[in-house]
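Trainee: Need coordinates for the below:
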Amino acid sequence: MVDGLKLAFGTLSVLPVGAPGVVDRRVAGRAMVWAPLVGLVLGGIAGLVVYGADRLKPDAPLLAAVLGVIVLMALSGALHLDGLADSADGFGSRRDRETKLRIMKQSDIGPFGVVSIAAVLLIDVAALHTCIQNGFGWQALVIAAVASRLTLPWSCRTSVPSARPDGLGAMVAGTVRPYAAALLTLVTITAAATLAWLTSRATTRGWWAYSDEGSIPVGGLFGSGQSYPPSSRPWDSNYLPGNTQLADWLGLSTLDLTILGATVAVLGAVLLSFAATRRTRKSLGGITGDTLGATVELALPVTLIILAFTS
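Mentor: Numbers count the residues shown, from 1 in each chain. Model prediction:
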């Protein structure tokens, strides 16, 4: 178990951990199971940066969003972005299987890779910026970091082969039993929904403890700190915390919508992993280290977008 944990952090982050004593397919499979924990640690550090930046400069949510995305990228060593770029170049070539694999193995980055990195980072920042404005910034980044790494055990489930006989894909392909990935998903959904519930409850308490003299809500550790016009009333739905328009359309309270959004965000990442492995099996015959990284990077904006619309 320790070797798997060390391999997970050593492969998926730049954090200083000791080298595992043994590296084989069994240890590699355990490393993929530990991947969501790596996401929790990295997301927690990046989320702390977002929280601190938002508190120090509450009128600059874009700055906090950019810092959060950069820190998360730096902590992962940009490994997944590299996989995204290589996969984009390979699939973007629309060539045969062998040519795609050869392009993906090259160290240089082509136009498809550059565009894919730029697009993903822009979406990450924009979606996280919206989450911060909604008072759900650091929480969204933590959930997204964990959910995006949750794609790794699903992408390495026993029914998924490797596209190459060697490399990272060959080491981890088919090493995770589906029940283990399902259990990880259940734990992640429970934790994400609980965090959303706690945040929404704290924000609501901060809203109702309204100052008589000004327009700043009192209290609420997890609130956004945003001020509202003094003429507004706490019972005015236009100023209630959360996406009231979407909540009303779905017939839900904003609390229920936030919890639902956290659940759907995690499930969205899982569904993306299924779609990605199906596409790679059809096009390449299986997964590679690059396609695993690409799946992680694609799951991050998907998760953040869902949270941006539901928080």
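Trainee: got a list of what Cys131 touches?
Mentor: Counting by C-beta atoms under 8 Å, 6 or more residues apart in numbering, Cys131 makes contact with Gly137, Gln139, Ala140, Leu141, Leu304, Leu307, Ala308, Ser311. Any C-beta I mention is one placed from the backbone N, CA and C, and that applies to glycine too.
Trainee: and Asp248, how far is that from Asp256?
Mentor: Asp248 is 12 Å from Asp256, where distance means C-beta to C-beta, to the nearest Å.
Trainee: returning to that earlier point: out of the contacts of Cys131, who's nearest Asp3?
Mentor: Leu141 (29.0 Å; C-beta to C-beta).
Trainee: The closest one in helix, strand or coil?
Mentor: helix (DSSP: H, G, I helix; E, B strand; the rest coil).
Trainee: again with Leu300
Mentor: Under three-state DSSP, Leu300 comes out as helix.
Trainee: rewinding a little: I'd like the contacts of Cys131 laid out as JSON lines, including distance to Leu7.
Mentor: Compiled in JSON lines, the contacts of Cys131 are given as follows (distance: C-beta to C-beta, whole Å):
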{"residue": "Gly137", "distance to Leu7": "31"}
{"residue": "Gln139", "distance to Leu7": "29"}
{"residue": "Ala140", "distance to Leu7": "28"}
{"residue": "Leu141", "distance to Leu7": "25"}
{"residue": "Leu304", "distance to Leu7": "27"}
{"residue": "Leu307", "distance to Leu7": "30"}
{"residue": "Ala308", "distance to Leu7": "33"}
{"residue": "Ser311", "distance to Leu7": "34"}
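Trainee: Of Asp248 and Asp256, which one has the most company?
Mentor: Neighbour count, other C-beta atoms under 10 Å: between Asp248 and Asp256, Asp256 has more, with 17 against 13.
Trainee: I'd say that one and Ala247 touch.
Mentor: Yes. Here Asp256 reaches Ala247: they are 7.4 Å apart, a contact under C-beta atoms under 8 Å.
Trainee: Look at Ala247 and report its pLDDT.
Mentor: What the model reports as pLDDT for Ala247 is 75.
Trainee: Let me see the contact set for it.
Mentor: Ala247 neighbours (C-beta under 8 Å, 6+ apart): Ser253, Thr254, Asp256, Leu257.
Trainee: now, which of these sits nearest Ser200?
Mentor: Nearest to Ser200, judged by C-beta to C-beta, of the contacts of Ala247 is Thr254 at 6.9 Å.
Trainee: what's the distance between that closest one and Gly47?
Mentor: Taken as C-beta to C-beta, the span from Thr254 to Gly47 is 22 Å.
Trainee: Asp89 now?
Mentor: Counting by C-beta to C-beta, the gap from Asp89 to Gly47 is 32 Å.
Trainee: hang on, the earlier thing: in helices, which of the contacts of Ala247 appear?
Mentor: Using DSSP state H, the subset of those located in helices is Thr254, Asp256, Leu257.
Trainee: Quick check, pLDDT for the nearest residue to Ala308 once chain neighbours are set aside.
Mentor: With sequence-adjacent residues excluded and distances taken as C-beta to C-beta, 6 or more residues apart in numbering, Ala308 is closest to Thr130, at 4.0 Å. As predicted, Thr130 sits at a pLDDT of 95.
Trainee: what's near enough to touch the residue nearest to Pro20 when sequence neighbours are not counted?
Mentor: Spatial nearest neighbour of Pro20, excluding adjacent residues (C-beta to C-beta, 6+ apart): Asp3 at 3.8 Å. Neighbouring residues of Asp3 by C-beta under 8 Å, 6+ apart: Pro20, Gly21, Val22, Val23, Val27, Arg30.
Trainee: Identify, from those, the entry nearest to Asp290.
Mentor: Using C-beta to C-beta, Val23 comes nearest to Asp290 of the contacts of Asp3, at 19.7 Å.
Trainee: contacting residues for the closest one?
Mentor: Contacts for Val23 (C-beta under 8 Å, 6+ apart) come out as Asp3, Leu7.
Trainee: Tell me how far it lies from Trp249.
Mentor: Using C-beta to C-beta, one obtains 51 Å as the distance from Val23 to Trp249.
Trainee: Likewise for Ile103?
Mentor: Using C-beta to C-beta, we find Ile103 at a distance of 45 Å from Trp249.
Trainee: what does Gly39 give?
Mentor: From Gly39 to Trp249 the distance is 31 Å (C-beta to C-beta).
Trainee: between these two, who's got more neighbours?
Mentor: Taking neighbours as other C-beta under 10 Å, Gly39 and Trp249 compare with Gly39 leading, 29 against 10.
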